[in-house]
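*Asks:* please work out how this folds:
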Amino acid sequence: MAPAASKLRAEVGLGALPRRALAQYLRLLRFYPVLTKAASSGILSALGNLLAQMIEKKQKKENCFQKLDVSELLRYAIYGFFFTGPLSHFFYLFMEHCIPSEVPWAGVKRLLLDRLGRDAAAFAAGVRRRFWPALRTNWQVWTPVQFVNVNYVPLQFRVLFANVVALFWYAYLASLGK
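*Replies:* A predicted model of the protein is given here:
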């Protein structure tokens, strides 16, 4: 009987860690929203790049942990910290302000604002022929993701939600080759 009780206590202890981490994240969001989102974006961007590099090395049948491009990893972390996190924070606030939930078709309008605004910037940067498969997949993946994000994910979690999806998006882009 004692081993079962011990096992139960151990399982309860494992559940406490994610709850404490979430409570800490929520506290940081309340007091330092931009900094918290910047840090989580920087960390997840770096992890996404690490994952992408590992997949690329595995495809080439190389050791996944040898000769990782640390400077590239740091560039992703810096970009996530200084650009993706803070800009996404303010973009979602802007979207909430411009298109409140009470507005008819708010979800569709938010989605259009998100998708058209970001895609216009991508076109302005110059989409080349080799980017069409990635761009098509971007629309297929990110459109439903952002629909869920802007309509069902609480405002304080939207940057984190998008960053978690981006972690896997980077891996997909790596599979296409640089």
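*Asks:* before we move on, what SS does A21 have?
*Replies:* Here A21 is recorded as helix under DSSP: H, G, I helix; E, B strand; the rest coil.
*Asks:* distance check, it against G42.
*Replies:* Applying Cβ to Cβ, to the nearest Å, the value for A21 to G42 is 17 Å. For the C-beta atoms, the positions are set from N, CA and C on the backbone; glycine is no exception.
*Asks:* quick one: which of those two has more around it?
*Replies:* When A21 is set against G42 and neighbours are counted by other Cβ atoms under 10 Å, the residue ahead is G42, at 22 against 10.
*Asks:* residues contacting the more buried one?
*Replies:* Taking Cβ atoms under 8 Å, 6 or more residues apart in numbering, we find G42 in contact with A77, I78, G80, F81, F82, G85.
*Asks:* please name every helix or strand in contact with the host helix or strand of V159.
*Replies:* Assigned by DSSP states H and E, V159 belongs to helix 158-176. Packed against helix 158-176, as judged by 3 or more Cβ pairs under 8 Å, 6 or more residues apart in numbering; DSSP states H and E, are the following elements: helix 33-59, helix 85-98, helix 132-152.
*Asks:* of those helices, which approaches S71 most closely?
*Replies:* Of all the helices and strands packed on helix 158-176, it is helix 33-59 that lies closest to S71, at 10.6 Å by Cβ to Cβ.
*Asks:* name the SS class of F65, please.
*Replies:* In three-state terms, and counting by three-state DSSP, F65 is coil.
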